[in-house]
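Engineer: sequence first, predicted coordinates after that:
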Amino acid sequence: LLVEGFKFPFSSSSSCLSSSYETITPSLDSYTHLSDDSPLYGLDCEMCLTKRDILEVTRFSLVDEDLNVILDTLVKPSVPIKNYLTQYSGITKKILDPIKTRLEEVKAKLKTILPKDAILCGHSLNSDLKALSMFHPYIIDTSVIFNSTGHRQAKTSLKNLSYQYLGEIIQNQLNNGHNSIEDAMAALKLVKLKIQKGLKFGDYVLDKNPIKDMPVVSFERYIKIKSSEVKIFYDYCDLDACNKFVTIVSHASDIVKLTIRQLLLKDKGVCLVLTRSGYGYIKV
């Protein structure tokens, strides 16, 4: 938890501050031990940059194990917003101006919702909990339990994981930002799949031959490009990102670049998965 940057409510002598302004508080007043029946909840937040120069919550979403939306609310920070980060958050001044709900109200509501043995699931949950100024002892983070790079420090995005293991496209609303309900559900589905498949599933660090564990993405729908030069993992590109994309694969062979270019010209929704083994799979 310390390595991933999760915050704790108390240090040895005093409360722990998430910033110069807010104190980390426990999600509940007390907790019970986990059991096989402990419920899973998917959690995701959208955030904006405030004049404190920190990310603060502007939307909070919570779904239960059956993908029912338990809580979804817009949140207005107590200080003025410097940047709505609309391209990521989907939040605009027009949307947030009439909102009166504060973060403290959301956290109080959460205490009435979560069981004492609730397990929170999400992607890079440390960021969400930091913005919430909140601690929770039972968490499952999909950015940690899944790994498509072979390196613990290099995280795979929720968007890529969702497509690779669930066969679902998320975060596909151009210029409209992410949807926190969609992201919370995707993370929860991934956690449930991991529990079903086992510890090594979806983890290129623990499993050195992970290709066999990718049945969701049918290889029959892909073109295989043989190139030992391609050593990265990448996914989801479109014409707008073409220049950046080609820069990323600048060490790939000319035939790889040419094939990518040709496919991009045909389809703005091309999906490319480049594996550590040096094989690329391009959706057509």
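Structural biologist: That came through, no problem.
Engineer: please make it C-alpha for all contacts and neighbour counts, starting now.
Structural biologist: Noted.
Engineer: tell me how far the nearest residue to residue 52 once chain neighbours are set aside lies from residue 121.
Structural biologist: Spatial nearest neighbour of residue 52, excluding adjacent residues (C-alpha to C-alpha, 6 or more residues apart in numbering): residue 79 at 7.7 Å. Here residue 79 is placed at a distance of 29 Å from residue 121 (C-alpha to C-alpha, to the nearest Å).
Engineer: now do the same contact list for the residue nearest to residue 52.
Structural biologist: Going by C-alpha atoms under 8 Å, 6 or more residues apart in numbering, residue 79 touches 50, 51, 52.
Engineer: so how far is residue 50 from it?
Structural biologist: Taking C-alpha to C-alpha, one finds residue 79 at 7 Å from residue 50.
Engineer: now the longest helix along the chain: average pLDDT?
Structural biologist: Criterion DSSP state H: the longest helix present in the chain is helix 180-197. In this model, helix 180-197 has a mean pLDDT of 96.
Engineer: and it, what does it pack onto?
Structural biologist: strand 40-50, strand 55-64, strand 119-122, helix 142-145, helix 158-161 (3 or more C-alpha pairs under 8 Å, 6 or more residues apart in numbering; DSSP states H and E).
Engineer: what angle do the first one and helix 180-197 make?
Structural biologist: So that's strand 40-50. Here strand 40-50 points in a direction 140 degrees away from that of helix 180-197 (axes from the mean of the first three to the mean of the last three C-alpha atoms, to 10 degrees).
Engineer: run the angle between strand 40-50 and strand 55-64 for me.
Structural biologist: 160 degrees.
Engineer: what are the ranges of the strands in the stretch 101-250 of the chain?
Structural biologist: Along the stretch 101-250 of the chain, counting by DSSP state E, counting those that start in this stretch, strands occupy 119-122, 134-135, 139-141, 222-226.
Engineer: what's in contact with the second one?
Structural biologist: By C-alpha under 8 Å, 6+ apart, the surrounding residues in contact with strand 134-135 are 6, 7, 8, 9, 24, 25, 26, 27, 129.
Engineer: what strands line up against it, and which way round?
Structural biologist: Strand 134-135 has the following sheet partners, assigned by DSSP bridges: strand 25-26 (parallel).
Engineer: ok, and what's touching the strand it pairs with?
Structural biologist: 9, 133, 134, 135, 136.
Engineer: let's have the residues you listed in a markdown table, adding distance to residue 102, pLDDT and neighbour count.
Structural biologist: Below are the contacts of strand 25-26 laid out as a markdown table (distance: C-alpha to C-alpha, whole Å; pLDDT from 0 to 100; neighbours: other C-alpha atoms under 10 Å):
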| residue | distance to residue 102 | pLDDT | neighbour count |
| --- | --- | --- | --- |
| 9 | 20 | 72 | 18 |
| 133 | 13 | 92 | 27 |
| 134 | 14 | 93 | 22 |
| 135 | 18 | 93 | 20 |
| 136 | 20 | 95 | 18 |
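Engineer: for those residues, work out which two are farthest apart.
Structural biologist: Farthest apart among the contacts of strand 25-26 by C-alpha to C-alpha are 133 and 136. That separation is 10.4 Å.
Engineer: quick check: end-to-end length of stretch 69-85?
Structural biologist: OK, stretch 69-85 end separation, C-alpha to C-alpha: 24 Å.
Engineer: likewise for stretch 112-132?
Structural biologist: Termini of stretch 112-132 sit 16 Å apart (C-alpha to C-alpha).
Engineer: list the residues that contact residue 159.
Structural biologist: 169, 170, 171.
Engineer: follow-up on the earlier one: could you list the buried residues of the longest helix of the chain?
Structural biologist: Using 16 or more other C-alpha atoms under 10 Å as the test for burial, helix 180-197 gives 180-191, 194.
Engineer: can you dump the C-alpha atoms of that helix in CSV for me?
Structural biologist: C-alpha atoms of helix 180-197 as CSV (Å, rounded to 0.1, in the frame of the first residue of the first chain):
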residue,chain,number,x,y,z
SER,A,180,-17.2,7.2,-13.8
ILE,A,181,-20.0,4.6,-13.7
GLU,A,182,-18.6,2.9,-16.7
ASP,A,183,-15.1,2.9,-15.3
ALA,A,184,-16.3,1.6,-11.9
MET,A,185,-18.2,-1.3,-13.6
ALA,A,186,-15.2,-2.2,-15.8
ALA,A,187,-12.9,-2.4,-12.8
LEU,A,188,-15.4,-4.5,-10.9
LYS,A,189,-15.8,-6.9,-13.9
LEU,A,190,-12.1,-7.3,-14.2
VAL,A,191,-11.8,-8.1,-10.5
LYS,A,192,-14.5,-10.7,-10.7
LEU,A,193,-12.8,-12.2,-13.8
LYS,A,194,-9.4,-12.3,-11.9
ILE,A,195,-11.0,-14.1,-9.0
GLN,A,196,-12.6,-16.6,-11.3
LYS,A,197,-9.4,-17.3,-13.3
